[in-house]
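In: Sequence and predicted structure below; questions after.
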Number of protein chains: 2
Amino acid sequence: MNMESPPMKLVSQSAGQSRYGALAAALKARIVAGEWPPGSALPAEQTLATEHGVALGTMRQALALLVDEGLVKRIHGRGTFVCSGLTGAPMLRFFRFGDGAGEVPVSRIVSRQVLAAPAAVARALGVGPGDATLRLRRLRSLDDVPRLVEEIWLPLPLCSALQDGDTSAWGDLLYPHLAAACGVHVHRAVDEIGFGQLNAADAKALKLPTGHPSAVVRRQAFDLTGRCVECRTTRGDANAFQYTVFIT
Amino acid sequence: MNMESPPMKLVSQSAGQSRYGALAAALKARIVAGEWPPGSALPAEQTLATEHGVALGTMRQALALLVDEGLVKRIHGRGTFVCSGLTGAPMLRFFRFGDGAGEVPVSRIVSRQVLAAPAAVARALGVGPGDATLRLRRLRSLDDVPRLVEEIWLPLPLCSALQDGDTSAWGDLLYPHLAAACGVHVHRAVDEIGFGQLNAADAKALKLPTGHPSAVVRRQAFDLTGRCVECRTTRGDANAFQYTVFIT
DNA sequence: AAGTGGTCTAGACCACTCT
DNA sequence: GAGTGGTCTAGACCACTTG
């Protein structure tokens, strides 16, 4: 008879760290490493608990940490799934244009170029200055009225699948297309809101006078590994800007 | 011998609700009713669990809900405390004025009047239009440079302690003074950000030209019971506006 | 030392989803 | 019905704070 103990994953636990914290970190590492790709299911909590030789409750605490972190999503009766990334984090949530409905604006890529990254862009993307990047300019419209202008920078070996082909087939959301075409899943983003004036080109695109006040949103988007996979600047009419912050 | 079961709080549990959810709601009701005032400690979790005839873990889940809600704060080794309210929710976090340090701006009340609430203010405060309110105008400065102008409306029987007395003794933060003088604890607030232009009076106070672009923050503040206890409009130079949003 | 919350266990049973 | 996560129990022991 084989009395060997079953294979058990050992988790290193640094001093002062709880066991569920260490477990969460270990699971996160396996997710980031791609062992369970975005959208796929993790083993059942009972399986994981047995594998690691801990009680069910302890494993549940570890998984709860990953849920808080936005890394996995648990669905009662179905399983635990690695989050597939943001679909939009829609820029429109910063603005109130007439309608009020939360519809997705129509997107049109008006320019696509491979360029050496300027210093600021390279810093944001975490690449070397002068490294090859893809720069997109995009115009977003509601009811055929242009509302937002965007300048999007993507790191280049990574997103080279977007270099060629018909941009009109991309759809109105960048992130789902980025996931489908490049396998890049946006997991987290940071938007920095500021204020400025439209330059001549942007003003013309938005059919507003040059120098018109504009809200400026600078975004960095990151994937599961913490790598910056997009940096973007969005501009729209400052008078339509409205954003709500909840404080607790 | 007295074999009676100890007094046990009964909690009504509506269908489809977990027991810890019902417990949390019951505890919240007692907090809102003032049974444990802000800053005071709740009974020990073990005591509460026994009182309600549930296991420790269940009571812990209930308390965790209250923590998430920002209603109580747990401190290891000390106890569970009702949150004493926001101290500032500083408006300055929306702006970047030179220094960069997160210091509290010096406040000066420049006007204090009892006024009938205009329609918009009455709606925000949840009082009848024309009800008595206290209107404050406040100027906030950094390094003796005026940076923000504020118009603050307070409901009046509630905040009547602020009607008289020397405003220069209030200190630079409104909420701690509101708590000390009126027993009003601000527990939650909603800030709505927009852009506009300075009118002549505000421009003069900020030493900027009339019509200068300004960031406008409209705030409603609420106490534990969900009652609106303040409505405020803050304006500052739009060019100094900067706010960061994290998306997950 | 006494009292508090934090971690962990080893179970039981329930609610939901899929086949 | 089999498999999943969600709730609940009744303990044990640990870590932190205070007198």
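Out: Received, thanks. Residues are numbered from 1 along each chain as shown, chains lettered A, B, ... in the order given.

In: Name the SS class of the residue positioned nearest the centre of chain A, please.
Out: Of all residues in chain A, the one closest to the mean position by C-alpha atoms, centre = their mean is A:Val186, 2.7 Å from it. For A:Val186, the secondary structure call by DSSP: H, G, I helix; E, B strand; the rest coil comes out as coil.

In: can you tell me how far A:Pro213 sits from A:Ala179?
Out: Distance of A:Pro213 to A:Ala179, given as C-beta to C-beta, to the nearest Å: 35 Å. Placement of C-beta: from N, CA and C, glycine included.

In: what do you get for A:Asp68?
Out: Distance, A:Asp68 to A:Ala179, using C-beta to C-beta: 23 Å.

In: what about these two, which has more around it?
Out: A:Ala179 (19 against 11; other C-beta atoms under 10 Å in any protein chain shown).

In: Could I get the contacting residues of the more buried one?
Out: Taking C-beta atoms under 8 Å, 6 or more residues apart in numbering or on different chains, we find A:Ala179 in contact with A:38, A:84-85, A:185-186.

In: Please apply the same query to A:Arg112.
Out: Applying C-beta under 8 Å, 6+ apart, the residues near A:Arg112 are A:134-137, A:162-163, A:167.

In: For it, which three-state class applies?
Out: strand.

In: What's opposite it in the beta bridge?
Out: Here A:Arg112 sits in beta bridges with A:Leu136, going by DSSP bridges.

In: just the strands in chain A please.
Out: Assigned strands in chain A, in chain order: A:72-75, A:79-82, A:106-116, A:132-142, A:145-155, A:188-197, A:213-222, A:228-237, A:243-247 (criterion: DSSP state E).

In: Can you lay out those as TSV showing mean pLDDT and distance to DNA strand C?
Out: Listed next are the strands of chain A as TSV, based on pLDDT from 0 to 100; distance: least, C-beta to the nearest atom of the strand, whole Å:
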stretch	mean pLDDT	distance to DNA strand C
strand A:72-75	96	7
strand A:79-82	97	9
strand A:106-116	95	32
strand A:132-142	96	34
strand A:145-155	96	35
strand A:188-197	96	24
strand A:213-222	97	27
strand A:228-237	97	30
strand A:243-247	93	23
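
In: what does chain A put close to DNA strand D?
Out: Neighbours of DNA strand D within chain A, by C-beta under 7 Å from any atom of the strand: A:16, A:42-47, A:56-57, A:60, A:74-80.

In: hmm, back to that, closest one to DNA strand C out of the contacts of A:Ala179, please.
Out: A:Ser84 (15.8 Å; C-beta to the nearest atom of the strand).

In: contacting residues around the closest one?
Out: Counting by C-beta under 8 Å, 6+ apart, A:Ser84 makes contact with A:38-39, A:179, A:185.

In: how near is the spatially closest residue to A:Arg78 that is not a sequence neighbour to DNA strand C?
Out: Leaving aside its sequence neighbours, A:Arg78 sits nearest to A:Ala41 (C-beta to C-beta, 6 or more residues apart in numbering or on different chains; 7.9 Å). Here the criterion is C-beta to the nearest atom of the strand, to the nearest Å. By it, A:Ala41 lies 11 Å from DNA strand C.

In: for A:His187, same thing?
Out: Taken as C-beta to the nearest atom of the strand, the span from A:His187 to DNA strand C is 24 Å.

In: The closest residue to that residue other than its chain neighbours: neighbour count?
Out: Ranked by C-beta to C-beta, 6+ apart and with sequence neighbours excluded, the top spatial neighbour of A:His187 is A:Leu224, at 4.9 Å. The number of residues packed near A:Leu224 is 21, by other C-beta under 10 Å.

In: Same question for A:Gly171.
Out: 11.

In: can you tell me which residues contact it?
Out: Here A:Gly171 is in contact with A:107, A:177 (C-beta under 8 Å, 6+ apart).

In: per-residue confidence at it?
Out: On pLDDT, A:Gly171 comes in at 89.

In: Break chain A down into its domains, please.
Out: Using automatic domain parsing, the domain parsing of chain A gives A:19-82, A:91-240.

In: Mind putting the ones you listed into a markdown table with distance to B:Pro146?
Out: Formatted as a markdown table, the domains of chain A follow (distance: least, C-beta to C-beta, whole Å):
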| stretch | distance to B:Pro146 |
| --- | --- |
| domain A:19-82 | 41 |
| domain A:91-240 | 19 |
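
In: quick one, which of those is nearest to B:Thr244?
Out: domain A:91-240 (5.1 Å; C-beta to C-beta).

In: A:Val82 is in contact with A:Arg74, isn't it?
Out: No. If you go by C-beta atoms under 8 Å, A:Val82 and A:Arg74 don't touch, sitting 11.1 Å apart.

In: The residues of chain A next to DNA strand D in helices, which ones?
Out: A:45-47, A:56-57, A:60 (DSSP state H).

In: Just the closest of these to B:Glu51, please.
Out: A:Gly57 (23.6 Å).

In: residues near that closest one, how many?
Out: Number of residues near A:Gly57 (other C-beta under 10 Å) recorded here: 12.

In: pLDDT wise, what is it at?
Out: On the pLDDT scale, A:Gly57 gets 96.

In: Please apply the same query to A:Gly100.
Out: In this prediction A:Gly100 is given a pLDDT of 61.

In: and if you look at A:Val54?
Out: 96.

In: who's in contact with it?
Out: The contact partners of A:Val54, taken as C-beta under 8 Å, 6+ apart, are A:19-20, A:23.

In: And it, how close does it get to A:Gln46?
Out: A:Val54 is 11 Å from A:Gln46, where distance means C-beta to C-beta.

In: Same question for A:Leu178.
Out: A:Leu178 is 35 Å from A:Gln46, by C-beta to C-beta.

In: These two: which has the busier surroundings?
Out: Legend: neighbour count by other C-beta under 10 Å for A:Leu178 and A:Gln46, higher for A:Leu178 (24 against 11).

In: Quick check: that one touching A:Leu158?
Out: No. Here A:Leu178 does not reach A:Leu158: they are 9.6 Å apart, not a contact under C-beta under 8 Å.

In: list residues touching both of these two?
Out: Between them, A:Leu178 and A:Leu158 share these contacting residues under C-beta under 8 Å, 6+ apart: A:184, A:229.
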